[in-house]
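K.L.:
Got a sequence here, can you build the structure:
(chains A, B, C and D)
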4 protein chains.
Amino acid sequence: MRIQGTPGDTMLAAMKGVYIVAQTPFDADAGIDLASVDTLVDFYCRHGADGFTVLGVSGEAGKLTEAESLAVANRYIARAAGRPVIVGVSSPNLAQLSQLTAKVMDAGAAGVMIAPASGIRTDDELARYFDHVFTAIGDVPVVLQDFPGATNVGMSVPAILSLVERHPQIQAIKQEDLPSLNKITRLRQGGGRRVAILTGNNAMYLPLELARGVDGPMAGFSYPEMLSGVYRLHTQGDTDAANDLFERYLPLLRYEAMGFWGVAARKEVMRRRGAIRHATMRQPGPALTAEDHREIDALVARVEARLAEAA
Amino acid sequence: MRIQGTPGDTMLAAMKGVYIVAQTPFDADAGIDLASVDTLVDFYCRHGADGFTVLGVSGEAGKLTEAESLAVANRYIARAAGRPVIVGVSSPNLAQLSQLTAKVMDAGAAGVMIAPASGIRTDDELARYFDHVFTAIGDVPVVLQDFPGATNVGMSVPAILSLVERHPQIQAIKQEDLPSLNKITRLRQGGGRRVAILTGNNAMYLPLELARGVDGPMAGFSYPEMLSGVYRLHTQGDTDAANDLFERYLPLLRYEAMGFWGVAARKEVMRRRGAIRHATMRQPGPALTAEDHREIDALVARVEARLAEAA
Amino acid sequence: MRIQGTPGDTMLAAMKGVYIVAQTPFDADAGIDLASVDTLVDFYCRHGADGFTVLGVSGEAGKLTEAESLAVANRYIARAAGRPVIVGVSSPNLAQLSQLTAKVMDAGAAGVMIAPASGIRTDDELARYFDHVFTAIGDVPVVLQDFPGATNVGMSVPAILSLVERHPQIQAIKQEDLPSLNKITRLRQGGGRRVAILTGNNAMYLPLELARGVDGPMAGFSYPEMLSGVYRLHTQGDTDAANDLFERYLPLLRYEAMGFWGVAARKEVMRRRGAIRHATMRQPGPALTAEDHREIDALVARVEARLAEAA
Amino acid sequence: MRIQGTPGDTMLAAMKGVYIVAQTPFDADAGIDLASVDTLVDFYCRHGADGFTVLGVSGEAGKLTEAESLAVANRYIARAAGRPVIVGVSSPNLAQLSQLTAKVMDAGAAGVMIAPASGIRTDDELARYFDHVFTAIGDVPVVLQDFPGATNVGMSVPAILSLVERHPQIQAIKQEDLPSLNKITRLRQGGGRRVAILTGNNAMYLPLELARGVDGPMAGFSYPEMLSGVYRLHTQGDTDAANDLFERYLPLLRYEAMGFWGVAARKEVMRRRGAIRHATMRQPGPALTAEDHREIDALVARVEARLAEAA
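P.N.:
All right, here's what the predicted structure looks like:
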């Protein structure tokens, strides 16, 4: 399922599979924990990752300096050993966006992910924004992120298709507008150059979205084997088994879907599973209470019981 | 579990149980279908409703004239046969809000539900807004709705507790800020006068929220027996059974949680179950496609299979 | 400068002149003061009004019941004695919008003014919104209001021109996006069916906007003779005199441009000038302090001194 | 009027006078034009600047890399020759905010200006945000910027006073919420530790705000001699002369108040006056049309005529 060719080439359009939206591990003092990046990459790969999206919203990109962002991206790229690493570079500041893009592409990223800057209000402004973006970054493979829940910017299907037509650099779309299902159908039926469509929304609708024609999840979850398992069963045509697998995890999945607090829970579960040393979120950010920990205990126990039952 | 006393009394603070956020049924031409209100109330009651919240966001209140709103509220009150009916009256227009409040209270509503008007930015503005509201509506039992996803107005725990302290009319809180769980804990531990806390968010976190101390769901779902079943099992102390029941429905529940499009799906399922004659949403609103219908077929079939399995 | 024909005909596209955005007068207890509507209309007419826009944002439409809205509109229409009265009917609730539209058109309004509902995010959503609006209201002359400062909805020039093309009912645009000047130029050069373009923004840029090709102000000010004087001098080609006149009032004009608090100041000045009996703003709304009153004293004194100097 | 002591000391609370919100000059290719920083500083000083605020919103800070920001700040500090330079460091990214703060304070800045990050919704969230900010930046003199027009974050008077009480680093407030006048009065009467209050809003209300008790303007204008002249006349108690002077410039002032397009006009006027070599705005940003240039010609000619008349 992995993209052939060297990282950094322009084959994102052929992406198929599981692209993990990866966490940024911090040590107990909220410094970057690069050693945990290595164990985390190994953990993701063991559980079926075909590629990575680093420095996304849930990767706490908004709390890193540029130097830290680069260090994290570089470590992911090194450890991913040829699996494509896409780097989130969205920023209200276009000069910073394009500088970070240049640096991570030099470092071997497969491409960058860009969402429109907050404050864009019309299709016209959206088009002009991306004209500026592509003038600034040049010939770099891009995943266009459609995520109004974070940006408050709407992108209609015609507007997205028109951006794809105008900018050959756009090779994939991360579709996470809600409701997502008919939008996927309309994007797929939209004609024009084929791009990959991956979905986010914490994978809450993954089996349905695969049936609508997406090329895989681009999402994070503390049990990445669910993402890869559902994807594999779907591609094998075994929809029922895909749904059965998905539903075993759904109670925990929806728990992790509650914004940054859900990310804190996700990190805690991954710490328990040995993927990272600390579950630390950098401040400002949530800290789990004792009651939260007990809830996580119970949710994980139920998921594990379901898995044991099914095995 | 039902509130004793006549509707319209001030006992909302003692609310416990299942308060269905009720749909507004339309006929094929998008006119109000009052006959379907009767069958719908019966359907809800058969499946464990203790009371109703009508003319909420998902009840399409924003598409009705005042006369239509009154007709719907009256029909619900008449058919509910003593079960409390709370009427959503939120409006950016305080004169309309208070006029509708007066009329539905005269008609026998148990109280009204009010969310702060969009555009409020500080605790100070929030406090002044509700001073105006309570001056305008007088001595009416109120459910305070904390729903930033719809209003874009944040209400901190101290701000909510201070509103409760200042306005004896506030007898319950509909808590549907996300993440909800620690907010519920903090509201419960906040001290002061006891008010009921019900939860919304399409009941996506119901078992967890009950464990955090809420008094029941105030939510809509095409299988209201899930809401009442989970509530009953929880109050009996059978958490595992409550979770088991909840999880059978979760795949459909999360499908119905996708905004107005999810409401369209909910109406369609309720139409199939005989609760209403038409699944019509009034325009502007979503219309289900053939593909959506097939998805609903499959989701409902899976839920029913799970239920059969468990029985 | 007045539109010929009976009110209610479809000649808004030919509008030229001064369309006063009219206040709603309240008595000391915040009830509607219909007697003051009469004196206010006479005041406006004495100072050059060619028509009226009632129940706009600054007319406190958002604080009136439907019955009050109708009473105010009817009184304006009756007293205007044939001058066109346009009625603001914008509402997040399309059923209420269309019901009010039907009633005021029956009562003799020349047309209605409609801004898009808050929450619209793309050109596509904008187009669909107005499809619903025009389906609902039918063949009614409409002023399309472009006022992102109040609605938070952007409308690009191509999107506006496309609405005009699609809906013959749109006969005029109230252009009050900021910066306004190049947008006016681009709308005027946009081709297609000619519509009137009036400007708002509290007339802060009136002489410049007239030079850019607008057909007149649609704005409120406590000295409406400024609006009509500037318009008249501009149409006579005397730009310098128009600017001189405008600038005499500018210090007060910018004072009245501070949102609802500015409206409170405007009402107070008009009360002093005998146009209305009370300066009351309905709650929630600002109340002027003693310090505000002293500021208004001083500002008015300076304006009057300038006028005396020029005379 | 200048602050005594070396730049970087903690005397911002004693600020009185004219703090120019300074432009960032670019060359024809949109590179930083450091030579023009020198001529611009000299221009500002010749016209009465007591200090500078650099890298504010209208200083196009949002279009610079960190290295460019530092280069601009350093050049301003060097050329200002002891006049205090305050550096805007607001950012949604707290790591970047605190890194830039440390670097500019090392470079000799007198303090930094910080507005709350977008998305803050309650007094509670506001308080926690600034707890994080001050933990991160440590003991650095801060101007707290109250600018909801840019941030969409409201800060009530009690919330601001409470921040001042809690964080001794806050030594001044840039007050540019609208309407501003009563908010200034309430902040001044609020008691507690005295901080400087400067006003922004493009100085559109400067004489009134001085009368309400502010310590001077913190604003940009192509004729900074207006800012210093009005300030000087006000401190001499000659209110009428202050108003006369202010009103001569008001038509141009309100032209420059139209967002980034107004900044483009301001840069063009300053280019004409020899303060900078190019009027370039960095993209994305407005570009003036031929019609805009003619408008500026006319506006400047009228201002100059008024000044000649008065002389």
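
K.L.:
what's the average pLDDT for the top helix by length along chain A?
P.N.:
When secondary structure is assigned using DSSP state H, the longest helix within chain A turns out to be helix A:290-310. Averaging pLDDT along helix A:290-310 yields 98.

K.L.:
How about it and chain B, touching?
P.N.:
Yes - using Cβ under 8 Å from any Cβ of the partner chain, a contact is recorded between helix A:290-310 and chain B, made by A:291, A:292, A:295, A:302. (C-beta placed from N, C-alpha, C; glycine too.)

K.L.:
quick one: contacts for the closest residue to chain B within the stretch 1-150 of chain A?
P.N.:
Using Cβ to the nearest Cβ, the closest approach of the stretch 1-150 of chain A to chain B is made by residue A:149 at 9.8 Å. For residue A:149, the contact set (Cβ atoms under 8 Å, 6 or more residues apart in numbering or on different chains) comprises A:176, A:177, A:178.

K.L.:
with these in mind, which one is nearest to residue C:15?
P.N.:
Taking Cβ to Cβ as the measure, residue C:15 sits nearest to residue A:177 out of the contacts of residue A:149, at 39.9 Å.

K.L.:
Residue C:285 versus the closest one, what's the distance?
P.N.:
Relative to residue C:285, residue A:177 is positioned 37 Å away (Cβ to Cβ, to the nearest Å).

K.L.:
Check residue A:276 too.
P.N.:
From residue A:276 over to residue C:285 the distance is 54 Å, taken as Cβ to Cβ.

K.L.:
Comparing those two, which residue is more hemmed in?
P.N.:
Using other Cβ atoms under 10 Å in any protein chain shown as the criterion, residue A:276 and residue C:285 rank with residue A:276 on top: 24 against 17.

K.L.:
what's in contact with the longest helix of chain A?
P.N.:
Helix A:290-310 is touched from outside by A:223, A:244, A:248-249, A:251-252, A:255, A:264-265, A:268-269, A:272, A:288, B:181-182, B:185, B:208, B:211-212, B:243, with contacts defined as Cβ under 8 Å, 6+ apart.

K.L.:
Narrow the contacts of residue A:149 to those in helices?
P.N.:
The members of those all map outside helices under DSSP H.

K.L.:
and the helix or strand of chain A with the lowest mean pLDDT, C-alpha only, in PDB?
P.N.:
Confidence across the helices and strands of chain A bottoms out at helix A:148-151, with a mean of 94, counting by mean pLDDT, DSSP states H and E. Taking only C-alpha atoms (Å, rounded to 0.1, in the frame of the first residue of the first chain), the coordinates of helix A:148-151 have been written out as PDB:
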ATOM      1  CA  PRO A 148     -13.900  24.100   8.800                       C
ATOM      2  CA  GLY A 149     -14.200  22.900  12.400                       C
ATOM      3  CA  ALA A 150     -10.700  24.200  13.000                       C
ATOM      4  CA  THR A 151     -10.400  27.000  10.400                       C
END
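
K.L.:
Okay, buried residues for it please.
P.N.:
If you call a residue buried by 16 or more other Cβ atoms under 10 Å in any protein chain shown, then helix A:148-151 has these buried ones: A:148, A:150, A:151.

K.L.:
can you redo the residues you listed as CSV with distance to chain C?
P.N.:
What follows is the buried residues of helix A:148-151, written out as CSV (distance: Cβ to the nearest Cβ, whole Å):
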residue, distance to chain C
A:148, 7
A:150, 14
A:151, 10
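
K.L.:
Now distance to residue D:35 too, for those, in JSON lines please.
P.N.:
Shown next, in JSON lines, are the buried residues of helix A:148-151 (distance: Cβ to Cβ, whole Å):
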{"residue": "A:148", "distance to residue D:35": "44"}
{"residue": "A:150", "distance to residue D:35": "41"}
{"residue": "A:151", "distance to residue D:35": "38"}
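
K.L.:
Over to the spatially most central residue of chain A: give its phi and psi.
P.N.:
In chain A, the C-alpha closest to the average C-alpha coordinate belongs to residue A:21, at a distance of 3.1 Å (Cα atoms, centre = their mean). When read as degrees, to the nearest 10, the backbone of residue A:21 gives phi -80, psi 110.

K.L.:
what's the nearest residue to it if we skip its chain neighbours?
P.N.:
Counting by Cβ to Cβ, 6 or more residues apart in numbering or on different chains, residue A:220 is the residue found nearest to residue A:21 once chain neighbours are left out, at 4.0 Å.

K.L.:
do the same with residue A:263
P.N.:
residue A:58 (4.9 Å).

K.L.:
how near is the one you found to residue A:262?
P.N.:
8 Å.

K.L.:
Give the intersection of the neighbour lists for these two.
P.N.:
When contacts are counted by Cβ under 8 Å, 6+ apart, residue A:58 and residue A:262 are jointly contacted by no residue.

K.L.:
give me the number of residues near residue A:271?
P.N.:
The local packing of residue A:271 (other Cβ under 10 Å) involves 17 other residues.

K.L.:
contacts for the helix or strand hosting it?
P.N.:
For residue A:271, the element it lies in under DSSP states H and E is helix A:259-272. Outside helix A:259-272, the residues within contact range by Cβ under 8 Å, 6+ apart are A:23, A:25, A:40, A:43, A:58, A:60, A:202, A:220-223, A:252, A:255-256, A:258, A:276-281, A:285-288, A:292-293, A:296, A:300, B:178-179, B:182.

K.L.:
Please tell me how far residue A:295 sits from chain C.
P.N.:
In this structure, residue A:295 and chain C are separated by 34 Å, where distance is defined by Cβ to the nearest Cβ, to the nearest Å.

K.L.:
What of residue A:69?
P.N.:
As for residue A:69, its distance to chain C is 29 Å (criterion: Cβ to the nearest Cβ).

K.L.:
Got phi/psi on that residue?
P.N.:
Backbone torsions for residue A:69, taken as degrees, to the nearest 10, come to phi -60, psi -40.

K.L.:
Kindly report the residues of the stretch 51-200 of chain A close to chain D.
P.N.:
For the stretch 51-200 of chain A, the residues found near chain D under the criterion Cβ under 8 Å from any Cβ are A:62-66, A:68, A:92-96, A:99, A:118, A:128-129, A:132, A:135.

K.L.:
swap the cut-off to 10 Å and go again
P.N.:
Proximity of the stretch 51-200 of chain A to chain D, by Cβ under 10 Å from any Cβ of the partner chain, involves residues A:60-69, A:91-100, A:117-119, A:125, A:128-129, A:131-133, A:135-136, A:152.

K.L.:
Also near chain B: which of those residues, exactly?
P.N.:
Restricting these to contacts with chain B (Cβ under 10 Å from any Cβ) yields residue A:152.

K.L.:
Among the residues of the stretch 51-200 of chain A next to chain D, name the buried ones.
P.N.:
Buried members of those, counted by 16+ other Cβ under 10 Å: A:60-66, A:68-69, A:91, A:93-100, A:117, A:125, A:129, A:132-133, A:136, A:152.

K.L.:
chain center to stretch A:66-76, what's the gap?
P.N.:
Computed by Cα atoms, centre = their mean, to the nearest Å, the chain-centroid distance of stretch A:66-76 equals 17 Å.
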